[in-house]
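Participant: Return atomic coordinates for the entry below.
(2 chains)
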Amino acid sequence: MSTRTRDMQLEIMRYDPEKDEAPWFQSYTVPCLEDWVILDAINYVKDNLDTTLAYRWSCHMMVCGSCGMMVNGEPSLTCKTFIRELPDKVRIEPLENFPIERDLVVVLDDVMQKLHKVQPYIMRKDDPPAEDEEYNQTRGQLMKFKQLTMCINCMCCYAACPQYALNKDFIGPAALALAHRYNLDNRDQGKSDRLNILADHDGVWDCSFVGACSEVCPKHVDPAAAIQQMKVDGAVEFWKQKLGISGDKS
Amino acid sequence: MSRRPYIRPISKTTWYMRNKRYKVYVMRELSSFLVGFYTFYTICALAILAMGSAEKWDSFLASQQSTGMVIFHGLALLYFLFFQTFPWFKLAPKAMPVQIGEKKLPDSYIIVGHYVAWVLISAFIFWLAGVI
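Facilitator: You can find the predicted model right below:
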């Protein structure tokens, strides 16, 4: 473990709903070890300099998705953002495009509702397998959607999305990627039902393929790709329904 | 403790100045003006052709060979290449991934396929136009 230290100046956005009319920046000088990530520096502030700082974190290992923040204007998972890759002065803000609850904590209610709205679960039209049987899936069938299961709901993609910034009704990258994960699952039979939601207003057609969501995704889920694929699926499904030949895989 | 979430304002007119990604995106979308221009331009060309006057048609063709128009078309071509063709072909594997068995077809295959199709279709149009 490295013992070299480097003084970093952290400019952290503060907002106390009981005192402040608007957010403001507070500066902290933090003696960082070279192998620290930004989350370590924020923890240092909390433990040694200012116990009032509010922020979310849990696992420190890119699994829980709690510590997404803006680091020098870039949506980042702070447990994955090494200070050695950053200049001496770093500005840390809560994720863009979300209301600020307090300091670096944002309100995620809207996205939670959207994740639910896209019906992210296996839907069957046939009877489920008998108790002693199970849904079969080959490795090839799994590989079609496995990357999309890597999402940890850090919401960096929503902070990067200019469409969501301007139109809060847009379902958005993570929820749409999650929906596509189930559309691609061979065990699922709800694709046409789901596409009625996804290809409607505020769904995939609101995406103008800026691609920022995929660029900032710390887990390389590539929501932009999922959305473009759903545009193709939505168009195909539209014509299938028009021609009366719609039917999900069984 | 009371909840009073703060919503950061966002400019409806200058949001794209926020970072380089958005600027590149807006540059891509601005090419719609050129698309609009070439649509209008094609309609004008057809209208002149429909007049049935060889003299007016020749005059239109001659106007397109002026230095100014040649430079304009050249710059428009470069704009389309850098903000439409190259980025879209690069993104094509995202919209149309191909999986064979358990393996995904490498992105480069799909990208190269697009360039090959582009060259072949362009050659066909040039052949139709009598250029080659």
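Participant: Wait, a helix at B:Ser108?
Facilitator: Yes. Per DSSP: H, G, I helix; E, B strand; the rest coil, B:Ser108 lies within a helix segment.
Participant: and the nearest residue to A:Cys151 once chain neighbours are set aside, what pLDDT?
Facilitator: Of all residues not flanking A:Cys151 in the chain, A:Val221 sits nearest, at 4.9 Å (C-beta to C-beta, 6 or more residues apart in numbering or on different chains). For the C-beta atoms, the positions are set from N, CA and C on the backbone; glycine is no exception. Note for A:Val221: predicted pLDDT of 96.
Participant: For the chain, give me the ranges with low pLDDT.
Facilitator: Because you didn't say which chain, this covers chain A. A:1-2, A:246-250 (pLDDT under 70).
Participant: Correction: the question concerned chain B.
Facilitator: B:1.
Participant: Which helix runs longest in it?
Facilitator: Secondary structure of chain B per DSSP state H: the longest helix is helix B:20-50.
Participant: Can you tell me which helices and strands it packs against?
Facilitator: helix A:212-216, helix B:54-64, helix B:67-80 (3 or more C-beta pairs under 8 Å, 6 or more residues apart in numbering or on different chains; DSSP states H and E).
Participant: Put the alpha carbons of the last one into CSV.
Facilitator: This points to helix B:67-80. Taking C-alpha atoms only, helix B:67-80 is exported to CSV below (Å, rounded to 0.1, in the frame of the first residue of the first chain):
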residue,chain,number,x,y,z
THR,B,67,-15.7,27.9,-57.2
GLY,B,68,-18.0,29.0,-54.4
MET,B,69,-20.4,26.1,-54.9
VAL,B,70,-17.6,23.6,-55.2
ILE,B,71,-16.1,24.7,-51.9
PHE,B,72,-19.6,24.7,-50.3
HIS,B,73,-20.3,21.1,-51.5
GLY,B,74,-16.8,20.0,-50.4
LEU,B,75,-17.2,21.5,-46.9
ALA,B,76,-20.7,20.0,-46.6
LEU,B,77,-19.3,16.6,-47.6
LEU,B,78,-16.6,16.9,-44.9
TYR,B,79,-19.2,17.9,-42.3
PHE,B,80,-21.4,14.9,-43.1
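Participant: what angle separates that helix from helix B:54-64?
Facilitator: With axes from the mean of the first three to the mean of the last three C-alpha atoms, to 10 degrees as the basis, helix B:67-80 and helix B:54-64 are set at 60 degrees to each other.
Participant: Next SSE downstream of helix B:67-80?
Facilitator: Using DSSP states H and E, the helix or strand that follows helix B:67-80 in sequence is helix B:86-95.
Participant: Kindly calculate the angle that that next one makes with helix B:67-80.
Facilitator: Going by the same axes, to 10 degrees, helix B:86-95 makes 30 degrees with helix B:67-80.
Participant: Just the CA coordinates for helix B:86-95, please, in PDB.
Facilitator: Presented in PDB, the C-alpha positions along helix B:86-95 are these (Å, rounded to 0.1, in the frame of the first residue of the first chain):
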ATOM      1  CA  PHE B  86     -18.000   8.200 -39.200                       C
ATOM      2  CA  PRO B  87     -19.800   8.400 -35.900                       C
ATOM      3  CA  TRP B  88     -22.900   6.500 -37.100                       C
ATOM      4  CA  PHE B  89     -20.900   3.700 -38.600                       C
ATOM      5  CA  LYS B  90     -18.900   3.500 -35.400                       C
ATOM      6  CA  LEU B  91     -22.100   3.200 -33.400                       C
ATOM      7  CA  ALA B  92     -23.800   0.700 -35.800                       C
ATOM      8  CA  PRO B  93     -22.700  -2.400 -33.800                       C
ATOM      9  CA  LYS B  94     -24.600  -1.000 -30.800                       C
ATOM     10  CA  ALA B  95     -27.900  -0.900 -32.700                       C
END
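Participant: Could you list the buried residues of that helix?
Facilitator: Neighbour counts over helix B:86-95 (16 or more other C-beta atoms under 10 Å in any protein chain shown) mark B:87, B:89, B:91-95 as buried.
Participant: just stretch A:32-42 next, same as before
Facilitator: Buried, per 16+ other C-beta under 10 Å, within stretch A:32-42: A:32-33, A:36-42.
Participant: tell me which of these is nearest to chain B?
Facilitator: Of all the buried residues of stretch A:32-42, the one with the least separation from chain B (C-beta to the nearest C-beta) is A:Ile38, at 18.5 Å.
Participant: Quick check: closest non-adjacent residue to residue 105.
Facilitator: In the absence of a named chain, chain A is used. A:Ala54 (5.2 Å).
Participant: nope, chain B
Facilitator: B:Leu105 sits nearest to B:Val98 (C-beta to C-beta, 6+ apart), 4.0 Å away.
Participant: go on, B:Arg4?
Facilitator: A:Pro17 is the one closest to B:Arg4 (C-beta to C-beta, 6+ apart), at 3.8 Å.
Participant: So the one you found is in contact with B:Arg3, correct?
Facilitator: Yes. With contact taken as C-beta atoms under 8 Å, A:Pro17 and B:Arg3 are classed as touching, separated by 6.4 Å.
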